[in-house]
Structure formats: structure tokens, C-alpha cells
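Q: Below: sequence and its predicted model.
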Amino acid sequence: MHYETRFCSHCATPLQWLMVAEDGGEVSRLRCPACGFTHWNNPTPVLAAIVEYEGRVLLARNAAWPEKVFGLITGFMEAGESPEQGIAREVLEETGLVVQSHQLIGAYEFLRMNQVIIAYHVHATGQVQLSPELLEYRLIAPEKVQCWPAGTGMALATWLRSQGHEPEVIDFWRRGESQQAA
């Protein structure tokens, strides 16, 4: 099991995997042997936007990604904001575009990163000005967008189907033919 937290956030004692009794029986939990604090390691909510801009889908390349890999606009939800406020903030911060409308697409697992992706389709206006974390973007006609078999790619596939397009799903990361993914 992968975890990053090693010490109790309450008393700084090293955490241990301990068997604890719960309603469903005994389970292993990352727990402090000194004070009993349990580190739940719950998934982190991540917001994702299928940005529709001038009738096309905006996909961007993160600075940390390979040259031909493009994906949705994503970011962490912040304390004190609704998912709708968060997605509008992320789109503005990362692209300079203003969200005019949003529609929830769904929630998707991203187990590898211990995240739950809350995906929206948004209509945005303005002038594209990428943040430093994004290197470039592409505008692609919805019927030509390719999806990938991971959380944001599955959200994109759901939206494409709702628009009457059967998505092509390609695992770019494995095939080395990257054009869009994340």
C-alpha cells in the first residue's frame, strides 16, 4: 500500500498499520499507537474541465508532460469553494478564459493518484493566456478528440457521447503515440 504520511499529525509519533475493529470486522488502518489518531488517506478531490472555446475543445500540455501529451484543464479544489467556483477559478488561472456556463459531467476514480475527479463541461470566452505550468494548447473539433483510459479521459468520453460522438479511446502512455492524455 502506498502512503506518504509517516507521522501522527497530532503527536508526531510514527504511524503504524494496526488492526482495528470496525462494523464490518477487523481492518488494517494507518494509526498512531500513542494517541489513537487514524490517518484515513481519503482520496483528494480534483476538478477537471472540458473547456469548449469557440466551438472546439481546448486541451493543454503540462510542463511536466512529454512533448505530444495534451489533457484537460485540472486542479485541486480549495477549502471554502464549491466545485463550480473551483472549476471557474482553475480555468481562469490556467488559461485566462472566463467560464460562462458549466455542467457537471460526473465523478471519476483516479486510483493511481488516490484522487476523485469531478468533471465539468464549461463554455469559456476571452483570450487564451496559459499559466507557466502549461506550455501549449490545442483546439480540437469535438468529433476529432481522442480519449484515454484514465479518469479525465473517461470524463471526456462521457461528454463526447452526450454530444453524439462515439469516442476513440487510445492508451497514449503505453503506445508511445501521445497526442492527448492525462
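A: Looks like it came in fine.

Q: Flag the helix or strand of this structure with the lowest per-element mean pLDDT.
A: Every helix and strand of the chain was ranked by mean pLDDT, DSSP states H and E. The lowest is helix 172-175, at a mean of 58.

Q: ok, then the element right after the lengthiest strand in the chain?
A: Longest strand in the chain, counting residues (DSSP state E): strand 98-110. Using DSSP states H and E, the next helix or strand after strand 98-110 towards the C-terminus is strand 115-125.

Q: Dump the C-alpha coordinates for that following strand into CSV.
A: Output of strand 115-125 as CSV, limited to C-alpha atoms (Å, rounded to 0.1, in the frame of the first residue of the first chain):
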residue,chain,number,x,y,z
GLN,A,115,-8.0,11.1,-6.4
VAL,A,116,-11.6,11.5,-7.3
ILE,A,117,-12.1,13.7,-10.4
ILE,A,118,-15.1,15.9,-10.5
ALA,A,119,-15.5,16.7,-14.2
TYR,A,120,-17.4,19.6,-15.8
HIS,A,121,-18.1,20.8,-19.3
VAL,A,122,-17.6,24.5,-19.5
HIS,A,123,-18.1,27.2,-22.1
ALA,A,124,-15.4,29.8,-21.9
THR,A,125,-14.7,33.1,-23.5
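
Q: and it, which strands flank it?
A: strand 44-53 (parallel), strand 98-110 (antiparallel) (DSSP bridges).

Q: And that strand, what's buried?
A: Across strand 115-125, burial judged by 16 or more other CB atoms under 10 Å covers Gln115, Val116, Ile117, Ile118, Ala119, Tyr120, His121, Val122, His123, Ala124. From N, CA and C alone the C-beta is placed, and that goes for glycine too.

Q: Please apply the same query to stretch 67-79.
A: Buried-residue list, stretch 67-79, by 16+ other CB under 10 Å: Val69, Phe70, Gly71, Leu72, Ile73, Thr74, Gly75, Met77.

Q: so what's the residue nearest to the second one when sequence neighbours are not counted bridging to?
A: Translated: Phe70. Excluding the flanking residues, the one nearest Phe70 by CB to CB, 6 or more residues apart in numbering is Leu59, at 3.9 Å. Beta-bridge pairing of Leu59 under DSSP bridges involves Arg138.

Q: Kind regards, and thank you for your time.
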